[in-house]
Structures are given as C-alpha cells and as structure tokens.
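J.: Please find the sequence and the predicted model below.
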Protein chains: 4
Amino acid sequence: MTQNAKGFGGSLEFGAKPAVISIDLMRCYFDPASSFCLPSEDCLESSARVIAVARRLGVPVIHTRVVFGADGIDGGVFLQKIPALRGLIGDVAMNEIMPNVKPLSDELVIVKQYASAFFGTSLSSTLRTMGVDTVLILGVTTSGCIRATAVDAVQLGFIPIVVRESVDDRGPAPHEANLFDLQAKYAEVLSEGEAIANMEKIARDGDV
Amino acid sequence: MTQNAKGFGGSLEFGAKPAVISIDLMRCYFDPASSFCLPSEDCLESSARVIAVARRLGVPVIHTRVVFGADGIDGGVFLQKIPALRGLIGDVAMNEIMPNVKPLSDELVIVKQYASAFFGTSLSSTLRTMGVDTVLILGVTTSGCIRATAVDAVQLGFIPIVVRESVDDRGPAPHEANLFDLQAKYAEVLSEGEAIANMEKIARDGDV
Amino acid sequence: MTQNAKGFGGSLEFGAKPAVISIDLMRCYFDPASSFCLPSEDCLESSARVIAVARRLGVPVIHTRVVFGADGIDGGVFLQKIPALRGLIGDVAMNEIMPNVKPLSDELVIVKQYASAFFGTSLSSTLRTMGVDTVLILGVTTSGCIRATAVDAVQLGFIPIVVRESVDDRGPAPHEANLFDLQAKYAEVLSEGEAIANMEKIARDGDV
Amino acid sequence: MTQNAKGFGGSLEFGAKPAVISIDLMRCYFDPASSFCLPSEDCLESSARVIAVARRLGVPVIHTRVVFGADGIDGGVFLQKIPALRGLIGDVAMNEIMPNVKPLSDELVIVKQYASAFFGTSLSSTLRTMGVDTVLILGVTTSGCIRATAVDAVQLGFIPIVVRESVDDRGPAPHEANLFDLQAKYAEVLSEGEAIANMEKIARDGDV
C-alpha cells in the first residue's frame, strides 16, 4: 500500500478473488425516449469487453437491474425524490438489461430498488460465500449507483475497482467529480486495460 | 412534491418529526496538526447555531464520532484506503467532539468506523423507535460522511435535509459538486435559515 | 408497558400504524410432495382471515416468498445447510403463494433468499417510508422465518406482533419453544382474535 | 456436505479461516445480583479454554459486550421489551467482560445494543476484511444473542460453529430447544473438543 504525504488515497491492492458487478446497464440509460438516457454508449461497449474477458477467465459476473413493485411502494423516499424512477415499476422494456451485456443463464441477476447494489439485496452475502474479495464495478451512473455501490463495497470489506471507461454519467462534470472522490477516498479507479490486465494476471497465477 | 421536466430533483417535504444528526465534528477537522483539517470553522459555528435551536425546540440531537478499536482492526478496507484514519484509533484528542457542539448528557453519541453514520451502527433503529421521519444533517465532510449518510438516509426511508452552511469540505470543488449531486438525487439542500424556520414551524404546529 | 418481577417480558403496546407481513405462505409448505410440508393448513386459514380484516380496514399487507437465482448462487451458506431449499430456485410451482392468501395487484410481494424477511430486502425502508410502527407477523415457520423476522423487527425498531394461530411449524415442539422465546424476549404473541381486535380499534380511532 | 433424507440439516464444513466470537460474557450473567444471572459458570470456563487455544494458534478472537447510551435511547424496542436491559446503560460493573475471558489489548471488543453481534456493528466488515469464513460462537445466551448471531452469520455468508459447552441459558429447556433449531437449520453445533480439534487441524495445515 502506497500513500501520499497527507495520508489520503492509499492504493488498494487488487485482491486474489475478483468478481465483476455490472450495474444497471438497462435500456432506460441508452434509449432517447427515457429521461435517464446518457449521451454515449461508450461505457456499455467497454463493459461488454470487460465482461467478455471475465467470462473467458472464469471470473464471476453479477448483474443488477432496478424493478419496483406494485405502484412503487418499495421505492420509498428515493421515488419521491426522483419521480422518473416510476418508469421502472414492474418488468418493462426500460429496465431490461441491454443485449450487449445480456446475462448468461448461469449468471446472477440482482433486482434492486436503491442506489447501492448492496442495499436491500443479498449481494454481500453472495460475494462472501463465493470468497470474493475484490469487486470490479461497471455500469451507470458514476454519480449515482456506481458511487453508492463503491462506498458500500468499502464499508462491507470488499476492495472496489471502478473501471473508468466502463462507467458513465449524463454529463462530464459529475462523472469526473465522482471519479475524483472515489479515487481519493473509496476505490481504485483503473483504466479498462489495467482492470483486464489484473484479471489476467490473477488467472495466470491460478487464483480465480 | 414538485419536479422538473425530466423527473429528477423532486422536492422532498420536511416531515413531521425531525432529528438533527451532527456528523463527526471532531478536533481532527479543526486542528492544523491533523491532515483532516479544514480551511474554515464556519460549518462548526453554523452547526452550533442549528443545534442550539433544536435543543430549544425539543428536536432530538444525535452526534457521531469515529473511533477505531485495537490496531484499527475494525477499520477494514477504509483504513487501508485512508491511512490517516489510523490517527483515530482509541479515544484520543483528535476524535473528541469540538466544545462548540459538545453533546449534552442526555444526547446520544454514536461511535462509527465508516463513512455513513448508519453503517455499522444502530442509528436507523433509534430513529425508527423515536418515530423520526426527517434528518437534518450537519458536519463534515460534504464529499465524505455527509454524502454517505444522506444516501443511506434516503435508502433507509428517512428524508435527508442537508444544511448548506453547516457542512463543509477541504476544498470548494468537492463541496459544491457533492451538494449538487445531493440536491439532484438524494436530499434537500437547505440554507441554515430555511432549516431553522422549518423546525420552528413544526414546533409551532405541535408536532415535535 | 408492564413487566414481570425480573424485568423480562415487558409488554409491547400495539402501535398506531400497523402492517401485516405474510411470510412465505408458499405451496412447498402445504404440498405433501415437498419436504417442507406442514402437517396442517390451519395457519394458512387463520392468515387468510387476518389478511381479509386488514384489507377491509385499509391496513397494508405485504407478502414474502423465497426465490433463488441461477443455480442457487444467492443461497449462500443457507443453501449449503438446507439443501432442500434448492427446490426454490427460479419461479416454480413450489414457491407460488397459496391461493387462499394470494396477493392483490396493489400489494407488495417481496422476494427473499434468507430466513428474515428483512434480510437482503428493502422491507425495512418500505415500512419506514409508510410510517409503519407495528408489524403483524403471519406465516411459516415459527422456528425459522417467523422468529428470524420478529427478531429483526425488534432490532430495526418495529413492534412485532406474532399471531399465534397464523403461524406454524413442522412439529409442536419447535412451534411452542419458539413462541415461548418470542414472547419472553422479542415480540407480543397474540391470538388471532386479539390481533384482529387491535386492528379494528386502531381503525375506529382513525389512525390507519 | 452430507444431508439427511429430507434435505434438512446438511453438514457445513469448517472453513479455512476461522475466528472466535465471544458473545456478551459480562458480569451481569454471572452475578446473582443481576436478573440476567445464569445458574452455572460452566460455559464461561469452557469459553476460556476455547479462547486460550485460539490465542495459542493465532486464531483471531473478537469479544462483544452490551452498552446503551444516554438514558437507553439506543435500546429501541428491545429495551421496551426487556426493561432489565436498562441495567446496562453506560459503562458499569454489570457490562464488564468477566476476568476469565478478558480481552487482550490487541483483541477487538465490539459494543452492541441488540441480540445479534452483527446488528448495528461493523463486525461483518471486519471479518470480511480479515478473510474469515467461519465463526466459532461462544457465550450467552443460547436462546438470545447466540442464536441471533448464528442466524445472522448464515445470512451474511459465514459458517457458524456453535460450541455446545461454551454457550448456555437460564434454563435447560430453551438451551436445548435452541441448539436443536440451530443444528437443524443454521449452524453446526460441535463439542468443545471437536471445535478445538478443528482449529488445531487448520493450524497444522498452515491456513490460519
């Protein structure tokens, strides 16, 4: 672990047993008909490349999507704050996972209602049972579910690796501001190439 | 509840039963000898004013501080990422709560190890038992424990009110960027005057 | 609040805003083809009566069922301990909710993987947002999901009311032993008649 | 993993990285002046023997005790149900850990308010960061904090080993009934000798 002079931003080491968590890569973020739509699909394509490598190497891939129940009762205060989330009540086209990153039949798909992939789900228990120590975080959005998931990962004892090209936001300002905070306090922000190289190194060392 | 055209940033209404959560106003944030030191004490003075009004009106005030156990074992990945946190192992001068906002003997002081005041603590249960629906969040830092606490408050079903002058960060950029995200997605960012006026209105209506 | 001489078993008061939580009343507990099958359907009929009253009075009803994802990855250590739970992977006949207590289209159905209805779900957030302070617990089994849910309810700040005739187990010994522990430490165990009378009293007082 | 004909009670294997969790071995459970007092100190002596072996082998030992804050505000519904818990407000003689199992200066002592050692604490994060997969549970009481901790251990993805002679209750009926439920659904109940033998085997294999 290295650190700067002030004791912030220590470097977390990639652990021995990673998993990929692909966050909310649903149609609503890529369809101009949705108010959640991003300006670019680049993060989706990057995520697909990271997922392809993980599958080839046997690194587990877990997906999340957002589905609210009857009338959004389970959306709580979050749905009051972001009324557009009502578009994700029930199983609808807008909360389908995009074809580029479609889950395989043996991959876990977690349904969540809140920002963090760990909140109100059994994700942490699943990772603990699998012996996972490191989570590669992909998906959307940087200022929303990516950051909330990374903060919870640290709090729960997992090493969060945020893959820079595989996450995105509706604008460059919140994207960059949140990557800055994440790197300073909660996660390692790696490039797609670095994240892939780390997975390959672990696979060569026989640890996956 | 009002909302903008795109369905983001709905306004959360101040609830009927607020509590003040004063986050981590410890010496380490105000003593130049600490690497956590902020450039200003303005947020401390603002917090003291909000707390004084809450006490006068009978609004519960709950305080948090950070204390790690033996050798920081309970600091987990967070301590690896921010080695400066090792300065908060045990009961030391640096994690004392500042005299300006010193807890009264009948006020709860919660010891935490992580960013969110709700993580690894029984705060949520305490608020639920008290019937609290709204949390006024004061303290430091905007990009750290304030944001993490506000996100968890939403997720747990509490309405988070972040008091603009009562929170601060080591620099204006993360302070403003995080207030922007908080207002857009997770909380109402109110001025000190608005927050106080809301507490006084509830007290007049007899709901506290 | 009354209490006995030793300070155990204080009586919790029924709160002002109840909700009914109907736990895991799935086919597997009532179909002799399943290893989970109970000797009697009495608890199912009692639950149906309590739910009917709740609906008439406007008390919210929330249902839970158990569904595991791909290959039971999300079953963790629990699935290792109880291999019969593998019969609840995916949406199958055995984890359908029984027709007698079929959820209405506007009632929330929570999917869970573990014993407590609060674990790995957003139930607590939903109840908090609704302002619920008291949970009437129905379903199966007394020694399993009922007790685990009641313990978590206390821990999370909700008053748990276990309805004696509406819960059951595979044998009378664990049923009675667990009702004893619940009454002593965690909940009020009320008869079906008492539970219904309490809901009706609250409705008359206009609090629901 | 073995299992019986009905698919209950699969045997969990002792994992590669255990920790000992010593639950609430406080004076109140062994002092006749307290309403919590047990009829015997046998479990305390057994716990001391297990802890001594763990220390010799380098297996981490973590202790819990119960302390409530100002006026028991953080005791929530639990304190309403068990008013005798008010005797554990503040740091008092009754919530001191017994001398026989006194924590070493480099061992973590977790302060909790509720039944489960995982509830409202950062224990799970600490264990996850240490790479622990198995928890040996000692202490009191079988029907209270031991069971609640074992259930949460399973739910959180840890393998719970309850050490039969190292846990106890105020009477034999709840003690035995809860060991039965634990073995059937949530944990392996091992004798003190078996638990020690498993720790020694792991140490010989070089895994601790």
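T.: Cool, got the structure.

J.: which parts of the helix or strand containing residue A:180 are buried?
T.: Residue A:180 belongs to helix A:172-181 when elements are defined using DSSP states H and E. Buried residues in helix A:172-181, counted by 16 or more other C-beta atoms under 10 Å in any protein chain shown: A:174-175, A:177-179, A:181. Backbone N, C-alpha and C define where each C-beta goes, glycine included.

J.: any weak-confidence spans in chain A?
T.: Flagging of chain A using pLDDT under 70 yields the residue ranges A:1-9, A:207-208.

J.: top helix in it by residue count?
T.: helix A:42-57 (DSSP state H).

J.: Tell me the strands beside the helix or strand following it, with direction?
T.: Heading C-terminal from helix A:42-57, the first helix or strand you meet, by DSSP H and E, is strand A:61-66. Using DSSP bridges, strand A:61-66 pairs in its sheet with strand A:18-23 (parallel), strand A:108-112 (parallel).

J.: For the buried residues of helix A:172-181, work out which two are farthest apart.
T.: Longest distance between any two of the buried residues of helix A:172-181 is 11.4 Å, between A:175 and A:181; criterion C-beta to C-beta.

J.: just to revisit the earlier point, and the angle for the helix holding residue A:180 with helix A:42-57?
T.: Interaxial angle, helix A:172-181 versus helix A:42-57 (axes from the mean of the first three to the mean of the last three C-alpha atoms, to 10 degrees): 40 degrees.

J.: counting contacts, what elements does helix A:172-181 pack onto?
T.: Helices and strands touching helix A:172-181, as assessed by 3 or more C-beta pairs under 8 Å, 6 or more residues apart in numbering or on different chains; DSSP states H and E, comprise strand A:159-168, helix B:172-181.

J.: Apply 10 Å and report the result again.
T.: helix A:147-156, strand A:159-168, strand A:188-190, helix B:172-181 (3 or more C-beta pairs under 10 Å, 6 or more residues apart in numbering or on different chains; DSSP states H and E).

J.: just the angle between it and helix A:147-156, please?
T.: Going by the same axes, to 10 degrees, helix A:172-181 makes 10 degrees with helix A:147-156.

J.: And helix A:172-181, how far out from the chain middle?
T.: Relative to the chain's own centre, helix A:172-181 is displaced by 15 Å; criterion: C-alpha atoms, centre = their mean, to the nearest Å.

J.: With stretch A:174-188 instead?
T.: Using C-alpha atoms, centre = their mean, the offset of stretch A:174-188 from its chain centre is 14 Å.

J.: which parts of chain A sit against chain D?
T.: A:15-17, A:122, A:124-133, A:154-159 (C-beta under 10 Å from any C-beta of the partner chain).

J.: let's go with 7 Å and repeat that
T.: Residues of chain A lying close to chain D by C-beta under 7 Å from any C-beta of the partner chain are A:125, A:128-129, A:155-158.

J.: any idea which of those has the most stuff around it?
T.: Greatest neighbour count in those, by other C-beta atoms under 10 Å in any protein chain shown, goes to residue A:158: 30 neighbours.

J.: Need the nearest residue in space to it, chain neighbours excluded.
T.: residue A:135 (5.1 Å; C-beta to C-beta, 6 or more residues apart in numbering or on different chains).

J.: ok, now residue A:76?
T.: residue C:129 (4.0 Å).

J.: helix, strand or coil for that neighbour?
T.: Here residue C:129 takes the helix state, with states given by DSSP: H, G, I helix; E, B strand; the rest coil.

J.: residue contacts, it?
T.: A:76-77, B:157 (C-beta atoms under 7 Å, 6 or more residues apart in numbering or on different chains).

J.: Look at residue A:28 and say how many residues are nearby.
T.: Neighbours of residue A:28 (other C-beta under 10 Å): 25.

J.: Might you enumerate the residues of chain A proximal to chain C?
T.: Residues of chain A lying near chain C (C-beta under 7 Å from any C-beta): A:69-71, A:73-74, A:76-77, A:105-109, A:113-114, A:120-122, A:125-126, A:129.

J.: unless I'm mixing things up, residue A:98 is touching residue A:30, no?
T.: Yes - using C-beta atoms under 7 Å, residue A:98 makes contact with residue A:30 at a distance of 6.1 Å.

J.: can you list residues touching both of the two?
T.: residue A:44.

J.: For residue A:25, what are phi and psi?
T.: When read as degrees, to the nearest 10, the backbone of residue A:25 gives phi -80, psi 70.

J.: tilt between the strand or helix carrying residue A:136 and helix A:42-57?
T.: In this structure, residue A:136 sits in strand A:134-140 according to DSSP H and E. Strand A:134-140 and helix A:42-57 are oriented at 150 degrees to each other (the same axes, to 10 degrees).

J.: picking that back up, possible to save the strands paired with strand A:61-66 as JSON lines with distance to residue B:189 and mean neighbour count?
T.: Conversion of the strands paired with strand A:61-66 to JSON lines gives the following (distance: least, C-beta to C-beta, whole Å; neighbours: other C-beta atoms under 10 Å in any protein chain shown):
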{"stretch": "strand A:18-23", "distance to residue B:189": "25", "mean neighbour count": "27"}
{"stretch": "strand A:108-112", "distance to residue B:189": "25", "mean neighbour count": "19"}
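
J.: So for residue C:197, which of these sits nearest?
T.: For residue C:197, the closest of the strands paired with strand A:61-66 is strand A:108-112, at 37.5 Å, according to C-beta to C-beta.
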